[in-house]
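Participant: everything below, folded, please.
(one chain, ligands or ions: 2)
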Amino acid sequence: MDFNHGAAFRFLVFKQVVNHGMSAEFLDEIRRLAKQFFDLPMEEKSKYSREEDEIEGYGNDMILSNQQILDWTDRLYLTVYPKESHRFKYWPTNPERFRAVLHEYTANVKLLSEKILKAMAISLDLNEDSFIKQYGEEVKLDARFNFYPRCRNPDLVLGVKPHADGSAITILLQDEEVEGLQFLNGNEWFNAPIVPGALLINVGDQAEITSNGIFKSPVHRVLTNSERERISLAVFYLPDWEKEIEPLEKLIDETRPRLYKTVKNFVGLYFQYYQQGQRPMEAARI
Ligand SMILES: O=C(O)CCC(=O)C(=O)O
Ligand SMILES: [Fe+2]
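Facilitator: Ligands and ions are numbered 1, 2, ... in the order given. Predicted coordinates for the structure are as follows:
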């Protein structure tokens, strides 16, 4: 992976990487296993159901307010790193290879995330460990499998509402054929193209804070589709929740004053704001 194009990398909002060390066949296997899981009878899937006040497990959009229009999606949410945090009651044993393949994918995504965080630091003329160090020893990776069934009224409902990710960065495996993910640029939505064999890297709110706003965490959404279902897998790279996250000293000067407060447990804050229909980043902005 060659990220040493300083200037180009700096303006990264999302980036597709192909040279990530995983074969196209391996990525296809993950999609296939995910699809097999979502295609199981409800009775089987509900063995892994999310409990009401939990995040992990199988289920629909979380209900955070009674005025909410639910996202048109089925999800399976699992903490995949560190190993000690695995809650296997939520990990499917059907299809049979699901767990083994997810372990392998997680190990690869962890390495890839760290390479990307190093490349981001280098592109800003910082020591390569600057971002990683701030995120602490106890980083966590959460995986969210998204399944978007066909929807008869795609104009009335979204697969995922507009949001930015609360992670440091997110590694997204998109459907191999069906588009639907869109990014907001100014007032316009544009489609994230499908690049065969690629993973899409998305900057999250916490990398925006660390970089003092040089990297931007983009607002994105997912459309529904009346003809085809769609699958994706997002893995969120989450800093140690007890570490303080703040703009790196070296990225603050007179021309670029400090833009964000010091935050801790940003994901907790994220849900509080999201619930009130506010962009969680507002909590961090000075
Ligand atoms: O389905 C997608 O392509 C994106 C999903 C997403 O934005 C998320 O899970 O945070
Ligand atoms: Fe997202």
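Participant: how far is stretch 73-86 from where the chain is centred?
Facilitator: Chain-centre distance of stretch 73-86: 12 Å, with CA atoms, centre = their mean, to the nearest Å.
Participant: so for it, what gets flagged as buried?
Facilitator: For stretch 73-86, burial by neighbour count (16 or more other CB atoms under 10 Å) applies to Thr73, Asp74, Arg75, Leu76, Tyr77, Leu78, Thr79, Val80, Tyr81, His86. C-betas here are computed from N, CA, C, even on glycine.
Participant: other residues contacting the strand or helix carrying the third one?
Facilitator: So that's Arg75. Using DSSP states H and E, Arg75 maps to strand 74-81. Applying CB atoms under 8 Å, 6 or more residues apart in numbering, the contact partners of strand 74-81 are 34, 37-38, 48, 50, 55-61, 85-87, 90-92, 102-103, 106, 110, 139-149, 235.
Participant: for the stretch 1-150 of the chain, what lies in contact range of ligand 1?
Facilitator: Arg144, Asn146 (CB under 6 Å from any ligand atom).
Participant: where along this structure do the helices fall?
Facilitator: 6-10, 24-38, 42-45, 98-123, 130-135, 205-210, 266-275 (DSSP state H).
Participant: so, low pLDDT: which residues of the stretch 1-150 of the chain?
Facilitator: 1-13 (pLDDT under 70).
Participant: follow-up on the earlier one: could the buried residues of stretch 73-86 be laid out in CSV, adding distance to Arg285?
Facilitator: Shown next, in CSV, are the buried residues of stretch 73-86 (distance: CB to CB, whole Å):
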residue, distance to Arg285
Thr73, 29
Asp74, 34
Arg75, 29
Leu76, 33
Tyr77, 28
Leu78, 31
Thr79, 28
Val80, 31
Tyr81, 29
His86, 35
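Participant: which residues touch the residue nearest to Arg150 when sequence neighbours are not counted?
Facilitator: Computed as CB to CB, 6 or more residues apart in numbering, the closest residue to Arg150 that is not its neighbour in sequence is Glu229, at 5.5 Å. Counting by CB under 8 Å, 6+ apart, Glu229 makes contact with Phe147, Tyr148, Pro149, Arg150, Val178.
Participant: how about a cut-off of 7 Å?
Facilitator: Phe147, Tyr148, Pro149, Arg150 (CB atoms under 7 Å, 6 or more residues apart in numbering).
Participant: what of Asp71?
Facilitator: Asp61, Leu158, Gly159, Val160, Lys161.
Participant: model confidence score at the one residue in the stretch 51-200 of the chain that gets nearest to ligand 1, please.
Facilitator: Evaluated by CB to the nearest ligand atom, the stretch 51-200 of the chain has Leu181 as its residue closest to ligand 1, separated by 3.7 Å. Note on Leu181: pLDDT of 97.
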